[in-house]
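> Sequence first, then the predicted structure, then my questions.
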Amino acid sequence: MKQPAVYILTNKKHGTLYTGVTSNLVERIYKHKHNQVRSFAAKYGCKNLVYYEVYEDMLTAIAREKQIKAGSRSDKIKLIEKTNPEWKDLFHEICG
């Protein structure tokens, strides 16, 4: 199912953070988890989905991704902990 989304991955609680954007969140996270994406996330083992936001259109999602990336690490941690204080992997949640 195509639905624009912004997401944050990590390798562990308070570990390395990776922010990305996609048109298919489930497929993209699956690819991250199975090392099918060559990226910063793969290099640092960021496979746990700890935050995501869904959007109606890709332009809005891209703008939000840029906004999140421009923020500090502290801002990203606050964003994650606002909805996911335990830093649980949310992959199964998005799979339905």
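Thanks, I have the structure now.
> Would you mind confirming that residue 21 is in contact with residue 67?
No. Taking Cβ atoms under 8 Å as the contact criterion, residue 21 and residue 67 are not neighbours in contact, 11.1 Å apart. All C-beta atoms are positioned from the backbone trio N, CA, C, and that covers glycine.
> Among those two, which residue is more densely surrounded?
residue 21 (21 against 12; other Cβ atoms under 10 Å).
> For the more buried one, which non-adjacent residue is spatially closest?
Counting by Cβ to Cβ, 6 or more residues apart in numbering, residue 65 is the residue found nearest to residue 21 once chain neighbours are left out, at 4.1 Å.
> Could you list every helix and strand in contact with the host helix or strand of that neighbour?
With the criterion set as DSSP states H and E, the secondary-structure element containing residue 65 is helix 58-70. Counting contacts by 3 or more Cβ pairs under 8 Å, 6 or more residues apart in numbering; DSSP states H and E, helix 58-70 is packed against strand 5-10, strand 17-22, helix 73-83.
> neighbouring contacts of the helix or strand bottoming out on mean pLDDT in the chain?
Of all helical and strand segments in the chain, the minimum by mean pLDDT, DSSP states H and E falls on helix 40-43, at a mean of 90. Residues external to helix 40-43 that are found in contact with it (Cβ atoms under 8 Å, 6 or more residues apart in numbering): 9, 18, 20, 32, 35, 46-47.
> Sheet-wise, list the partners of whichever helix or strand comes after that helix with their directions.
Tracing the chain C-terminally past helix 40-43 and defining elements by DSSP H and E, one meets strand 48-54 next. In its sheet, strand 48-54 lies beside strand 5-10 (antiparallel), with partners assigned from DSSP bridges.
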